[in-house]
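1. Sequence below, structure please.
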Amino acid sequence: QEEELLELSKGDGVEVEADGEWWDAIVIKVGDGVVRVHYVGGTEEEDEDVEIASRRLKPAKKLEVVWAKGSDGIGWPAAVLEGSLLDESCNRLRVQRFLQPHSAWIRRDQASAFTKESIPKRSSSKKLSEAIE
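-> Below is the predicted model of the structure:
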């Protein structure tokens, strides 16, 4: 029986098996039977190509991305690791900014929904603009 291939697009969340553990990642490029992934919290040097048919690749649990405001008041895109904006009883979220090595706890009022419409037109980050296209 033939297994059904994953249908993946740029920006999709996936889990990738590496060294016997499953890691959260984001698809940053889709090629012919291969996707390039960026590990959440990883560096660009750790990005890798994974065959779509590989048993090392599976759909991620729904990755929630928010704008997370730091003590400087500036909002940055971040992956939610614990908690959820969708859970109204949740007062704190553990988030990890993209391309940052550490996670942090923030109050609910320091997070807002991350949507295509919420991205500034003049984004200084070309990577961010490309990631959400």
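
2. Mind listing the residues bridging to the closest residue to residue 60 other than its chain neighbours?
-> Of all residues not flanking residue 60 in the chain, residue 13 sits nearest, at 3.6 Å (C-beta to C-beta, 6 or more residues apart in numbering). Bear in mind the C-beta positions are built from the backbone N, C-alpha and C, glycine included. When assigned by DSSP bridges, residue 13 has beta-bridge partners residue 26.

3. Then the one 4 residues further on?
-> According to DSSP bridges, the residues that bridge with residue 17 are residue 22.

4. ok, it - contacts?
-> Residue 17 makes contacts with 23, 55, 56, 57, as judged by C-beta atoms under 8 Å, 6 or more residues apart in numbering.

5. neighbour-wise, which of the residues you listed leads?
-> residue 57 (21 neighbours; other C-beta atoms under 10 Å).

6. any idea how far residue 20 is from residue 110?
-> The gap separating residue 110 from residue 20 is 35 Å, by C-beta to C-beta, to the nearest Å.

7. Between the two, tell me which one has more neighbours.
-> residue 110 (19 against 5).

8. Per-residue pLDDT of residue 52, please?
-> Looking at residue 52, its pLDDT stands at 93.
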